[in-house]
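[1] Got a sequence here, can you model it:
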Amino acid sequence: MRSEAPAAAVLIRLSVGAVFLSEGLQKFMYPESLGAGRFERMGYESAAWIAPMVGGFEVLCGALLLAGLLTRLAAIPIVAIMLTAIATTKIPILLGRDFLGFKVRQLSEYGFWSMAHESRTDFAMLMGALFLLWVGAGPWSADARLLRRSH
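    All right, here's what the predicted structure looks like:
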């Protein structure tokens, strides 16, 4: 996959990849607090299979981003996961009530600023994944190495 990204793209890849690899692994390590149990409390009816599926994508795509392998392809599920997370967990905070069956969690404040605070990591990961989708892995990646070998 051709990329015109600067070498500094490795910093974004490492940041987004490490966060998703870690979060995906923790969905399996701590299923009640971070995996299926958490998804069930959020309002997912099929939490028992959605949480492992999301965790699996996070582990796989996080590892691919860390390696810089299939970077643009790996960024697509990450973008989808972040958009879903924002819609299902942060919109209820913005509204201060359940939204489309997804439960608002207990906080001291609701509204825009509370949502902005609670979604800061989601927003940063979404922007990082969109950056990688747009520009690719950069020269310090498996993608660049494979491309150099093919020419």
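[2] What's the local residue count around the closest residue to residue 112 other than its chain neighbours?
    In space, and not counting its chain neighbours, residue 112 is closest to residue 94: 6.3 Å by CB to CB, 6 or more residues apart in numbering. Bear in mind the C-beta positions are built from the backbone N, C-alpha and C, glycine included. Residue 94 has 19 neighbours, counted by other CB atoms under 10 Å.
[3] so where does residue 94 fall, helix or strand?
    According to DSSP states H and E, residue 94 maps onto helix 91-95.
[4] For that helix, buried residues please.
    Of all the residues in helix 91-95, those buried under the rule 16 or more other CB atoms under 10 Å are 92-94.
[5] Tell me the helix or strand right after it.
    Heading C-terminal from helix 91-95 (DSSP H and E), you reach helix 112-118.
[6] Now do that following helix, average pLDDT.
    Mean pLDDT, computed over helix 112-118, is 97.
[7] starting at the chain centroid, how far to that helix?
    Centroid separation for helix 112-118 versus its chain: 18 Å, with CA atoms, centre = their mean, to the nearest Å.
[8] Report the buried residues of it.
    Neighbour counts using 16+ other CB under 10 Å place 114-115, 118 of helix 112-118 among the buried residues.
[9] Geometric centre of the chain: which residue is closest?
    Residue closest to the average C-alpha location in the chain (CA atoms, centre = their mean): residue 78, at 4.3 Å.
[10] ok, and that residue, which helix or strand is that part of?
    In this structure, residue 78 sits in helix 71-85 according to DSSP H and E.
[11] Residue 12 now?
    Going by DSSP H and E, residue 12 is part of helix 9-29.
[12] Please compute how far the helix or strand that that helix is followed by lies from its chain's middle.
    Counting by DSSP H and E, the next helix or strand C-terminal to helix 9-29 is helix 31-34. Centre-to-centre, helix 31-34 and its host chain are 17 Å apart (CA atoms, centre = their mean).
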